[in-house]
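Novice: Could you work out the structure for the sequence below:
(one chain, ligands or ions: 1)
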Amino acid sequence: MDKINILIGSTNPKKKIEITNITKDLNIQFTLLEELNNAPEILEDGKTFKDNAVKKATAFAKWNGSLTLADDSGLEVKSLNNRPGVYSARYAGEGATDEMRIKKLLAEMAAFSAEDRKARFKCAIALANPEGLLFVVEAKCDGIITAEPRGKNGFGYDPIFAFPEYGKTFAELTPETKNMISHRAKALLLFKEKLKESLLF
Ligand code: IMP
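Specialist: Have a look, this model is predicted:
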């Protein structure tokens, strides 16, 4: 069977690597927005990860005339009333780095005891074609915010998100292990089931 081409509606190369690795049993060629010219900016103004994933997938699919996957993900901290949530990328302002976001979150949580450091990563993944949305799936992964950043792997908030079962942060896990347990891994498993149910495979 021919390879299916799917655009990823993101500029994050690390997301492309995770998505490609987790779906490597399928015959999919992924392209990242960065690899195309003049991609439009889509305002992520939805109230939920699902809203934003659907908005990005449908807008980029229409723009590029192709099947498009969009992942919207972020971190919810229970004691912060689920902040930063859909604002995870903008938590330390536009143009801030991962390090700045981590520093801000650790400072905000400095006085919190171990019991009050529960958090979860959430991920919504939508697939659209130029005519509109095909489907959207969602998943989560529970963990604990550490007191200090630990580990060099992954991206984003990974150095301060500990996965209790392994006693390690996502940034201390190998990419292979993160890709078996993460919110994105779980969402992509559901994504693969939907893809196989659809007429695409
Ligand atoms: P977006 O989905 O690209 O808008 O990302 C939202 C924010 O959550 C960004 O700051 C990401 O770095 C962060 N984020 C999303 N997924 C992960 C992950 O798997 N690990 C760590 N941070 C993540």
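
Novice: Would you pull up the residue in this protein closest to the ligand?
Specialist: Closest residue of the chain to the ligand, Cβ to the nearest ligand atom: Gly156 (2.2 Å). For glycine as for every other residue, the C-beta is placed from the backbone atoms N, C-alpha and C.

Novice: which ones are touching the residue positioned nearest the centre of the chain?
Specialist: The residue lying closest to the centre of the chain (Cα atoms, centre = their mean) is Ser73, at 3.8 Å. Shown in contact with Ser73 (Cβ atoms under 8 Å, 6 or more residues apart in numbering): Phe49, Ser88, Phe121, Lys122, Cys123, Ala124, His183, Arg184.

Novice: hmm, try it at 7 Å
Specialist: Phe49, Phe121, Lys122, Cys123, His183, Arg184 (Cβ atoms under 7 Å, 6 or more residues apart in numbering).

Novice: Please identify the helix or strand for the residue lying closest to the first one once chain neighbours are set aside.
Specialist: The shortest distance from Phe49 to any non-neighbouring residue, by Cβ to Cβ, 6 or more residues apart in numbering, is to Ala124 (3.9 Å). Per DSSP states H and E, Ala124 falls inside strand 118-129.

Novice: Parallel or antiparallel, which strands does that strand pair with?
Specialist: strand 68-77 (antiparallel), strand 132-145 (antiparallel) (DSSP bridges).
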